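**Q** Give me coordinates for this.
(one chain, ligands or ions: 1)
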Amino acid sequence: MDNQENIIIKILKNITENKVSFISVIISSISLILAVIGIVVAVNSSNRTSELEEIQNSIFKEAENEKTATDDDTTISIEEKTTDETTTAERDTTDETTTEEKTTVNKTTSSETTARQEETTTKKNTSAQNTNAGGNSSVNTQPNGLIQKLHVDGTKLVNESGQTVVLNGVSTHGIVWFPQYINKEAFKTIRDSFGGNVIRIAMYSDPSAGYYEGLSDRVEEAVQYATELGMYVIIDWHILSDGNPNIYKSQAIKFFNKMSAKYKDYNNVLYEICNEPNGNITWANDVKPYAIDLIKTIRNNDPDGIILVGTTTWSQDVDIAADDPITGYSNIMYTCHFYAATHQDWNRQKLEYALGKGLPVFVSEFSICDASGNGWNDVYSANQWMELLDRYNVSFVGWNLSNKAESSAIISSSCGKTSGWTDAELTESGMWLVNQLRSH
Ligand code: IDC
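**A** From the prediction side, this is the model:
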């Protein structure tokens with residue numbers, strides 16, 4: 001039993017020992033496995049860590065990249081902004097340029113408009129101030145003041161730029177009777193307050209109407225004032241009671257020879273060689289031959305000054321002159337005179353006929369009263385005349401600069417001033433004329 005017991009015990013011991021060793025083997029194995037697992041886990045974990053780090057790094061990098069990218073973006077957007085601003089600035093500049101261009105264009109347009117307006121209302125560009133820009137060496141030969149040279153083109157007067165010019169202003173009364181109005185301040189008032197650009201100097205040619213040779217001094221004085229003021233001036237050989245201009249033709253030739261020699265370089269002087277031929281005479285036999293002789297006299301000195309030729313029947317027959325004009329000379333115009341209360345449609349038709357035939361006409365004398373220079377003022381007829389003159393850009397000069405107690409005098413008879421007249425000091429016809437001058 002003991003053996004058995006011993007055997008058993010041994011066996012059990014063995015078993016136990018084996019068990020133990022088995023268990024220890026198992027434990028060892030498990031430990032080993034755990035160790036391996038631990039290692040694997042550790043390795044994995046370390047891998048994971050590095051992966052995480054990589055991920056983190058990459059995220060960081062991405063973040064960094066993004067930051068950089070954002071910074072870059074910011075830079076870009078700043079650059080873009082700068083570019084935008086530049087662009088905006090450029091645009092602004094461009095806009096300004098465009099605006100300038102537009103302005104320039106507008107200016108051009110407005111100057112074109114102005115030019116077009118000047119086509120119809122051209123008197124403003126004839127004044128000394130405005131003609132400075134015209135620039136022409138011939139302008140500078142003017143002793144004082146720079147006045148554009150004019151020439152006749154078709155029925156119109158045109159300046160050096162080819163623009164149509166309308167002269168309008170006032171005629172003196174006979175300078176032998178009303179010499180006090182030949183003064184610079186009076187002409188200045190006509191220019192600045194009334195808006196006129198021409199003054200007509202009426203020198204009656206008949207000795208019984210006061211003519212004497214020395215009267216030309218007064219004419220020269222008047223030309224001097226007009227020139228200094230940049231105004232055009234008409235030297236008017238004022239035949240009236242001496243209806244046939246040939247009666248005093250030799251005096252006329254002497255007078256105009258002197259005037260044209262003196263004023264040949266003046267752009268502002270116009271020669272009116274016979275105010276109003278009238279009586280038992282004809283255009284063809286009397287007035288036209290006289291005119292040709294006077295034109296030759298003037299042209300001998302002054303090759304291109306404007307010459308105004310009177311027509312028969314107190315300068316109403318422009319239609320007759322239109323049918324038989326003077327040929328071979330340039331810068332010749334024909335005068336049409338009217339007194340609105342007397343001369344109506346019949347006379348307007350004669351003027352329209354002449355203009356229609358291409359005759360250059362200048363209304364160097366008119367008033368709104370009757371042909372006596374007195375009587376009632378026919379404003380309706382006067383406006384009809386003015387509508388016709390405007391339609392053809394005809395120049396006009398109103399009779400007369402005096403305070404004589406007659407309707408055609410423009411200054412009230414109660415006013416003794418010789419310049420600086422106010423509107424209240426004008427007569428009805430004077431106010432009507434001044435309104436025309438101001439609006440033309
Ligand atoms: C008038 C004057 C008047 C003068 C008369 C005679 O207004 O004071 O007594 O002359 O010398 C014209 C003439 C112009 C006339 C005017 C009015 O050119 O000299 O002036 N008139 O009759 N033609 C038609 C009318």
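**Q** ok, the closest residue to the ligand within the chain - how many residues close by?
**A** Residue of the chain nearest the ligand, by C-beta to the nearest ligand atom: G373 (2.7 Å). The way it works is simple: take the backbone N, C-alpha and C, and place the C-beta from them, glycine included. For G373, the neighbour count with other C-beta atoms under 10 Å is 17.
**Q** cool, A382 as well?
**A** Residues near A382, counting by other C-beta under 10 Å, number 22.
**Q** and if you look at I332?
**A** 20.
**Q** Please apply the same query to A322.
**A** 21.
**Q** Please, which helix or strand holds it?
**A** Element membership of A322 [criterion: DSSP states H and E] is helix 318-323.
**Q** show me the contacts for T297.
**A** Counting by C-beta atoms under 8 Å, 6 or more residues apart in numbering, T297 makes contact with I253, F256, N257, S260.
**Q** what about the residue nearest to P360 when sequence neighbours are not counted, which SS state?
**A** Closest residue to P360 apart from its sequence neighbours, by C-beta to C-beta, 6 or more residues apart in numbering: M333 at 4.4 Å. At M333, secondary structure determined by DSSP: H, G, I helix; E, B strand; the rest coil is strand.
**Q** show me where this protein has strands.
**A** For the chain, the strands defined by DSSP state E cover 151-153, 156-158, 164-165, 168-172, 198-204, 232-238, 269-272, 307-309, 332-335, 338-339, 361-367, 396-401.
**Q** okay, those in JSON lines with distance to I182 and mean pLDDT next?
**A** Shown next, in JSON lines, are these (distance: least, C-beta to C-beta, whole Å; pLDDT from 0 to 100):
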{"stretch": "strand 151-153", "distance to I182": "28", "mean pLDDT": "98"}
{"stretch": "strand 156-158", "distance to I182": "25", "mean pLDDT": "97"}
{"stretch": "strand 164-165", "distance to I182": "25", "mean pLDDT": "97"}
{"stretch": "strand 168-172", "distance to I182": "7", "mean pLDDT": "98"}
{"stretch": "strand 198-204", "distance to I182": "7", "mean pLDDT": "98"}
{"stretch": "strand 232-238", "distance to I182": "11", "mean pLDDT": "98"}
{"stretch": "strand 269-272", "distance to I182": "15", "mean pLDDT": "98"}
{"stretch": "strand 307-309", "distance to I182": "20", "mean pLDDT": "99"}
{"stretch": "strand 332-335", "distance to I182": "22", "mean pLDDT": "99"}
{"stretch": "strand 338-339", "distance to I182": "24", "mean pLDDT": "98"}
{"stretch": "strand 361-367", "distance to I182": "17", "mean pLDDT": "99"}
{"stretch": "strand 396-401", "distance to I182": "9", "mean pLDDT": "98"}
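**Q** Turn the ones you listed into a markdown table, including distance to the ligand.
**A** As requested, the strands of the chain are arranged in a markdown table below (distance: least, C-beta to the nearest ligand atom, whole Å):
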| stretch | distance to the ligand |
| --- | --- |
| strand 151-153 | 23 |
| strand 156-158 | 22 |
| strand 164-165 | 24 |
| strand 168-172 | 9 |
| strand 198-204 | 7 |
| strand 232-238 | 6 |
| strand 269-272 | 11 |
| strand 307-309 | 13 |
| strand 332-335 | 10 |
| strand 338-339 | 5 |
| strand 361-367 | 5 |
| strand 396-401 | 6 |
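**Q** Name the helix or strand of the protein that has the lowest mean pLDDT.
**A** Within the chain, confidence by mean pLDDT, DSSP states H and E is lowest for helix 128-131 among all helices and strands, at a mean of 39.
**Q** Please tell me how far the nearest residue to I253 once chain neighbours are set aside sits from A261.
**A** In this structure, I253 finds its nearest non-sequential neighbour in T297, 5.0 Å apart by C-beta to C-beta, 6+ apart. According to C-beta to C-beta, to the nearest Å, T297 stands 10 Å off from A261.
**Q** what's the answer for K249, then?
**A** Using C-beta to C-beta, K249 is found at 18 Å from A261.
**Q** tell me which parts of the stretch 151-300 of the chain are close to the ligand?
**A** Counting by C-beta under 6 Å from any ligand atom, the stretch 151-300 of the chain comes close to the ligand at A209, L240, N275, E276.
**Q** More neighbours: which of K249 and A261?
**A** Set side by side, K249 and A261 show more neighbours around K249, with 18 against 13, by other C-beta under 10 Å.
**Q** pLDDT score assigned to the more buried one?
**A** Looking at K249, its pLDDT stands at 98.
**Q** my read: it touches P289, true?
**A** No - look at K249 against P289 with C-beta atoms under 8 Å: they stay out of range, at 9.4 Å.
**Q** Could I get the pLDDT score of the residue nearest to Y290 when sequence neighbours are not counted?
**A** With C-beta to C-beta, 6+ apart as the criterion, Y290 has its nearest non-adjacent residue at 4.5 Å, and that residue is P245. Per-residue pLDDT puts P245 at 98.
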